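Asks: Need coordinates for the below:
(2 chains)
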Amino acid sequence: MAYDVNGTTVEHDEEGYITNLSEWTKELADVISKAEDIDMGEEHWAVVNFLRDYYEEYQIAPAVRVLIKSIKKSMGPEVGNNKYMYELFPYGPAKQACKIAGLPKPTGCV
Amino acid sequence: MSKVKKFLYVNRKAPYGTIYAQEALEVVLIGAAFDQDVSLAFLDDGVFQLTKGQDTKEAGLKNFSPTFRALGDYEVTKLYVEQESLDERGLTLDDLQDIQYEDEDDDYAEKPSIIVVSRAGMADVMADQDVVLSF
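Replies: Numbers count the residues shown, from 1 in each chain, chains lettered A, B, ... in the order given. Below you'll find the predicted structure:
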């Protein structure tokens, strides 16, 4: 199973998370988001970039509870709340945003 | 609401020779979602898990030590380290990562998560738990 980014293929697992994290590009993120039926706006990118920074620093994709708490701290309560985050990523902010960010499935998301 | 139980995860093994250390950390992160009182203990070679400056490139393994610094986000704020285990390996607190958490009840002040205890103190910590899981 693989995504097609302008002719290059990027392997992913049965749930759509890419296999080799170093193959992530912004173009790939666009391809994944289309497969997830998400129209990426500035707010979506802010969350995706936040997750990539978090992974860079701590080597894990945070659980949804931790993600929302951390976003609230860095971007404020109008972004960092359950309702808004589920509006951005209806199938789960951590799961969907991590997939688009090219990270593994979040630790602690069942 | 059911009573909050005290869980202690005991880490006794060096970080990369076996999968125990990394798996234990994964279990802790998953378990932290259940709103229990979770703490970690590091003794014997387990104290090496917390050392700073780990470099796993040559071993071809993922360096998961930065993840310990995320434990505060998961409300895991007590990492007990046994003094004798440090001494026996020529380590001091300075050799360990600086791991902190933000205390929500104290205006988000950053406080150290690592608590160095004596062997006798560690026995008391263990005796005080409802559940002790050894890795």
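
Asks: Once you drop chain neighbours, what's closest to the residue of chain A found nearest chain B?
Replies: Residue nearest to chain B within chain A (CB to the nearest CB): A:Tyr58, separated by 3.9 Å. C-beta: built from backbone N, CA, C; applies to glycine. The shortest distance from A:Tyr58 to any non-neighbouring residue, by CB to CB, 6 or more residues apart in numbering or on different chains, is to B:Ala70 (3.9 Å).

Asks: I'd guess the one you found is in a strand, am I close?
Replies: No: read with DSSP: H, G, I helix; E, B strand; the rest coil, B:Ala70 is helix and lies in no strand.

Asks: longest helix of chain B?
Replies: When chain B is parsed with DSSP state H, its longest helix is helix B:20-31.

Asks: Any part of that one near chain A?
Replies: Yes: using CB under 8 Å from any CB of the partner chain, helix B:20-31 reaches chain A at B:26, B:29-30.

Asks: Highest neighbour count among those?
Replies: B:Leu29 (23 neighbours; other CB atoms under 10 Å in any protein chain shown).

Asks: Can you list the buried residues in the host helix or strand of B:Leu8?
Replies: Assigned by DSSP states H and E, B:Leu8 belongs to strand B:6-11. Neighbour counts using 16 or more other CB atoms under 10 Å in any protein chain shown place B:7-11 of strand B:6-11 among the buried residues.

Asks: Could you do stretch A:81-98 as well?
Replies: A:85, A:88-89, A:92-98.

Asks: Span of it from start to end?
Replies: Separation of the first and last residues of stretch A:81-98 by CA to CA, to the nearest Å is 17 Å.

Asks: What mean pLDDT does that stretch get?
Replies: For stretch A:81-98, the mean per-residue pLDDT is 92.

Asks: is that stretch anywhere near chain B?
Replies: No: using CB under 8 Å from any CB, stretch A:81-98 stays clear of chain B, coming no nearer than 11.5 Å.

Asks: Which residues does that stretch contact?
Replies: Contact partners of stretch A:81-98, identified using CB atoms under 8 Å, 6 or more residues apart in numbering or on different chains, comprise A:17, A:36, A:38, A:43-44, A:47-48, A:51, A:61-64, A:67-68, A:71-72, A:78-79, A:104-106, A:109.

Asks: Now restrict these to buried residues only.
Replies: Among these, the ones that count as buried by 16+ other CB under 10 Å are A:17, A:36, A:38, A:44, A:47-48, A:51, A:61-64, A:67-68, A:71, A:79, A:106, A:109.

Asks: No further questions, thank you.
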